[in-house]
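[1] I would like to see how this sequence folds:
(one chain, ligands or ions: 1)
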Amino acid sequence: MSRKIRILIVEDETAIRTGLKDVLVYHGYDVDDAADGPSGLQKAVSGRFDLILLDVMLPGLDGFEICERIRADDREQAIIMLTAKSGDEDVIAGLSLGADDYVSKPFSVAQLVLRIRAVLRRTRIGMEMDHRIRLGEDVEIDTRNLCGQRGAEKVAFTRREIEILQYLKLNSDRPVPRDELLNKLWGYAKDLGIETRTVDIHIAKLRRKLEPDPSQPRHLITVRGAGYRLLVAE
Ligand code: CA
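    Sure thing, here's the model as predicted:
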């Protein structure tokens with residue numbers, strides 16, 4: 001039998017922490033926890049966990065800072081932020097620091113479990129796919145090492161950005177709607193019509209990395225009313 005999937009919960013509110021732990025253990029995960037920032041960081045950088053659930057407001061050291069320090073070390077680590085507010089600022093800060101996803105409190109445990117599964121599934125898909133993407137004459141992306149080259153310039157990607165590129169590449173014969181990206185990559189239910197801003201934030205970041213002129217995209221284009229399309233060089 002393969003080993004259990006290991007999850008770390010960093011959360012200072014005892015009721016949430018212990019409640020989550022019980023549920024995740026019930027779902028078959030191997031769970032460890034931390035109740036403050038410094039001990040959370042210490043466990044998080046150990047590299048022992050397949051996924052980290054990271055609260056934002058924590059005593060000692062906040063979740064954003066912990067996220068940033070984990071990423072500085074390990075770009076592959078899967079992280080879901082637990083944000084108290086669904087405000088754009090928190091979400092943008094978390095995603096731009098490299099969190100894979102976020103869940104706003106109060107959240108339903110069933111939704112969180114779905115999101116955990118989606119993140120873990122992507123981590124695995126990412127390992128099995130073709131690891132080179134070429135765009136036009138000047139862009140080459142190495143998905144396995146989360147890096148690439150645009151002309152003479154080196155570019156680094158987050159895992160989530162690479163997953164978006166891989167999904168768009170797989171479906172490069174058509175524009176992909178934002179709802180579909182949210183469903184396939186983030187694990188959101190279909191047809192909710194919400195949270196599409198999450199996708200737009202990532203697309204904007206990708207364009208800054210891939211496009212000579214991000215305001216006039218040539219590789220990652222918008223098809224009006226239909227979605228995003230990646231024009232892949234054969
Ligand atoms: Ca907290």
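
[2] if I look at the residue positioned nearest the centre of the chain, how far off is P217?
    For the chain, the residue nearest the mean C-alpha position is D100 (1.9 Å; Cα atoms, centre = their mean). Applying Cβ to Cβ, to the nearest Å, the value for D100 to P217 is 24 Å. Quick note: C-beta positions are derived from backbone N, CA and C, even for glycine.

[3] touching, H131 and R144? I think so.
    Yes: counting by Cβ atoms under 8 Å, H131 does reach R144; the two are 3.9 Å apart.

[4] who in this protein is up against the ion?
    Residues of the chain lying close to the ion (Cβ under 5 Å from the ion) are D12, D55, M57.

[5] who are the contact partners of the residue of the chain at minimum distance from the ion?
    Nearest residue of the chain to the ion, counting by Cβ to the ion: M57, 4.0 Å away. Counting by Cβ atoms under 8 Å, 6 or more residues apart in numbering, M57 makes contact with D12, G63, A84.

[6] list buried residues within these.
    The neighbour count (16 or more other Cβ atoms under 10 Å) marks D12, G63 as buried among the contacts of M57.

[7] and the least confident of the contacts of M57?
    Lowest pLDDT among the contacts of M57: A84, with 77.

[8] I figured that one hits V56, correct?
    Yes: in terms of Cβ under 8 Å, A84 counts as a neighbour of V56; the distance is 6.2 Å.

[9] before we move on, the earlier item: how near is the residue nearest to the centre of the chain to L165?
    To L165, D100 is 15 Å away according to Cβ to Cβ.

[10] cool, I52 as well?
    Distance, I52 to L165, using Cβ to Cβ: 23 Å.

[11] neighbour count: these two, which is higher?
    Higher neighbour count among I52 and L165: I52, with 27 against 22, using other Cβ atoms under 10 Å.

[12] quickly list what that one is bridged to.
    Beta-bridge partners for I52, by DSSP bridges, are L8, I79.

[13] where does this protein have low pLDDT?
    1-3, 85-90, 94, 123-130, 189-195, 234 (pLDDT under 70).

[14] domain map for it?
    Following automatic domain parsing, the chain resolves into domains at 6-125, 132-230.

[15] which helix of this structure spans the most residues?
    The residue-count maximum for a helix in the chain (DSSP state H) belongs to helix 109-128.

[16] tell me how far it lies from the chain's centre.
    Its chain's C-alpha centre and that of helix 109-128 lie 10 Å apart, by Cα atoms, centre = their mean, to the nearest Å.

[17] name the helices or strands packed onto that helix?
    Contacts defined by 3 or more Cβ pairs under 8 Å, 6 or more residues apart in numbering; DSSP states H and E place helix 109-128 against helix 14-26, strand 51-55, strand 78-83, strand 101-104, helix 159-170.

[18] ok and the last one relative to helix 109-128, angle-wise?
    Right, the one you point to is helix 159-170. Helix 159-170 runs at 70 degrees relative to helix 109-128, counting by axes from the mean of the first three to the mean of the last three Cα atoms, to 10 degrees.

[19] over to the second one?
    Between the direction of strand 51-55 and that of helix 109-128, the angle (the same axes, to 10 degrees) works out to 140 degrees.

[20] which parts of strand 51-55 are buried?
    Buried, per 16+ other Cβ under 10 Å, within strand 51-55: L51, I52, L53, L54, D55.

[21] can you tell me the closest non-neighbouring residue to A204?
    P214 (7.4 Å; Cβ to Cβ, 6 or more residues apart in numbering).
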